[in-house]
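Engineer: Sequence and predicted model, in that order:
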Amino acid sequence: QVQLVESGGGSVKVGGSLRLSCTVTGLTTGDFDMGWYRQAGGHLCEAVSVITADGEVYFEKDRLKDRLTASRDNPKNTLYLQMKFLKPEDTGVYYCAAGTLYSTCFDGGTWGQGTQVTVFS
């Protein structure tokens with residue numbers, strides 16, 4: 001059974017940092033595209049970053065590259081999202097996903113349960 005478990009969320013002040021982790025069991029992360037998605041309150045759940053099976057990293061919005069780093073540790077079967085200089089608009093539930101992925105959430109692949117990130121001023 002494939003399972004994705006996110007961790008590392010929390011409440012952080014503007015300008016702070018968090019590192020989200022997604023531990024995967026039941027599949028080999030290096031064989032699939034992996035992604036991070038965000039559901040912000042009242043907004044469409046959408047992609048933040050995707051790492052392809054080949055290791056290419058894409059961000060849905062280029063400006064996120066300045067503050068976010070997505071990475072994958074295949075021996076640990078874990079996906080990471082390092083976030084720094086956090087802003088209130090980064091607030092939301094962050095999901096990780098594996099498999100056939102699209103720009104919006106839950107349209108394909110396997111999903112975790114999400115981890116809440118709250119950025120306060």
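Structural biologist: Received, thanks.
Engineer: So what sits opposite the most centrally placed residue in the chain in the bridge?
Structural biologist: By Cα atoms, centre = their mean, the chain has its centre lying nearest to residue 36, at 2.4 Å. Listed beta-bridge partners, residue 36: residue 49, residue 96 (assigned using DSSP bridges).
Engineer: That one contacts residue 94, correct?
Structural biologist: Yes. Judged on Cβ atoms under 8 Å, residue 36 makes contact with residue 94 at a distance of 6.1 Å. Backbone N, C-alpha and C define where each C-beta goes, glycine included.
Engineer: residues shared between the contacts of the two?
Structural biologist: 20, 48, 81 (Cβ atoms under 8 Å, 6 or more residues apart in numbering).
Engineer: List just the nearest of the residues you listed to residue 115.
Structural biologist: Nearest to residue 115 among the shared contacts of residue 36 and residue 94: residue 20, at 6.2 Å, using Cβ to Cβ.
Engineer: In a strand, that closest one, correct?
Structural biologist: Yes. Remark: residue 20 belongs to a strand, assigned using DSSP: H, G, I helix; E, B strand; the rest coil.
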